[in-house]
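Participant: only geometry, no sequence info:
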Ligand SMILES: Nc1ncnc2c1ncn2[C@@H]1O[C@H](COP(=O)(O)OP(=O)(O)OP(=O)(O)O)[C@@H](O)[C@H]1O
Ligand SMILES: [Mg+2]
Ligand SMILES: [Zn+2]
């Protein structure tokens, strides 16, 4: 657990693989083997972790969730533990919640100057719904927390309903959903309305009921922040329509949608410059006769020979305006909305990724992963 924290792993996987016990770490989004050893102590290791996490060690047939808080290098680190019975044994996965990593602030996220302006503009609105979308692990919660941190002030009553609370923000009233006890996103939101709120964060909009209450809250003078499962910013609008939210409700409440991904950053200690090939220039939208310097991965001890170290966000901001509202209300297709948004200066995920390749932050390979999942 100490090694995982020091190497900045986000997850620890412990599993039995034949005669071996294998431990893998997820670092910058990819799993890497950390240790492979005899399977003999496997059961004892799993039992020990279950005891530490407050789980029932005799229950081996059902999945369990728990948590372990450890003090590592003078920081309190929260490990969310999940056990899952498999055909061989029980697999354990621990999510490492290093609270400091959530508090990056807008300048640490990787927003380019245009996107910082859009970000500040959204947060300066008195009311409306701001959505952050992207696949699992794309940094949505980190963006929401940095927004809340920027909005945080004594003059505002800020309430959140989360699943789970990943970081405790000072001065903000955070609640955790508790399905067993009957507290879900929708009824927490309903109760929030009697708590004299100014700003509300809803961990995720998963159903029509939650969507409608969140929209109602945003229409009655509150700033509401949430996430949604969608691949692109305009896809978020389609997702709400698919949930059966009336389009006039969407257009009157949504003030902006942020879509995002994370890309791996080239290791500054070993990356090497080279001249881009023709195909690469085309992929980046550069002219064929332009001289374009890109960087490639090499690998050194500082980056564990990966050539990459750390990650950075790639963002797309859809800012609602009259023309886009009209298009959505008239049932326009995503392509038409996208065209209109581009005319108003929207940079899509790919544009931001291209910038980050051209300035030597990341590689074409990382950019292609973003564009592949942003269709
Ligand atoms: N802008 C960023 N730059 C670098 N790392 C980031 C950034 N945003 C998030 N991360 C890191 O990526 C990981 C995933 O982030 P986060 O939990 O915010 O994603 P998420 O989209 O909310 O995930 P989930 O779908 O599981 O809710 C965390 O380890 C976080 O510290
Ligand atoms: Mg999250
Ligand atoms: Zn390196």
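Facilitator: Sure, I can see it. Here the structure is a predicted model, which means the values were calculated and not measured. Ligands and ions are numbered 1, 2, ... in the order given.

Participant: in what helix or strand does the residue of the stretch 151-300 of the chain found nearest ligand 1 lie?
Facilitator: Taking Cβ to the nearest ligand atom, ligand 1 has its nearest neighbour within the stretch 151-300 of the chain at residue 262, 5.5 Å off. Heads up, the C-betas are built off the backbone N, CA and C, glycines and all. According to DSSP states H and E, residue 262 maps onto strand 254-266.

Participant: Relative to that strand, what are the paired strands and their orientations?
Facilitator: strand 128-133 (parallel), strand 308-319 (antiparallel) (DSSP bridges).

Participant: and the next element down the chain from the shortest one?
Facilitator: Downstream of strand 128-133, the next assigned helix or strand under DSSP H and E is helix 140-151.

Participant: Leaving out sequence neighbours, find the closest residue to residue 299.
Facilitator: residue 305 (3.9 Å; Cβ to Cβ, 6 or more residues apart in numbering).

Participant: Looks to me like that neighbour is in a helix.
Facilitator: No: using DSSP: H, G, I helix; E, B strand; the rest coil, the assignment for residue 305 is coil, not a helix.

Participant: gap between stretch 2-19 and the chain center?
Facilitator: 21 Å (Cα atoms, centre = their mean, to the nearest Å).

Participant: can you start the count at 56 instead of 1 from here on
Facilitator: Will do, 56 is the new start, and the previous item becomes stretch 57-74.

Participant: If you count neighbours, what's buried in it?
Facilitator: If you call a residue buried by 16 or more other Cβ atoms under 10 Å, then stretch 57-74 has these buried ones: 59-60, 64-71.

Participant: average model confidence for it?
Facilitator: Per-residue pLDDT over stretch 57-74 has a mean of 94.

Participant: what sits up against that stretch?
Facilitator: Contacts with stretch 57-74, where a contact means Cβ atoms under 8 Å, 6 or more residues apart in numbering, come from 56, 76-82, 84, 86, 89, 91, 93-94, 97, 100-101, 104, 127-128, 130, 132, 134, 141, 143-144, 146-151, 153, 156, 192, 359, 365.

Participant: Take these and keep only those in strands.
Facilitator: 76-82, 86, 89, 91, 93, 127, 130, 132, 134, 146-151, 365 (DSSP state E).

Participant: Of these, which are in range of ligand 3?
Facilitator: Among the ones in strands among the contacts of stretch 57-74, proximity to ligand 3 is found for none (Cβ under 5 Å from the ion).

Participant: Going by neighbour count, which of those are buried?
Facilitator: Judged by 16+ other Cβ under 10 Å, buried ones among those: 76-82, 89, 127, 132, 134, 146-151.
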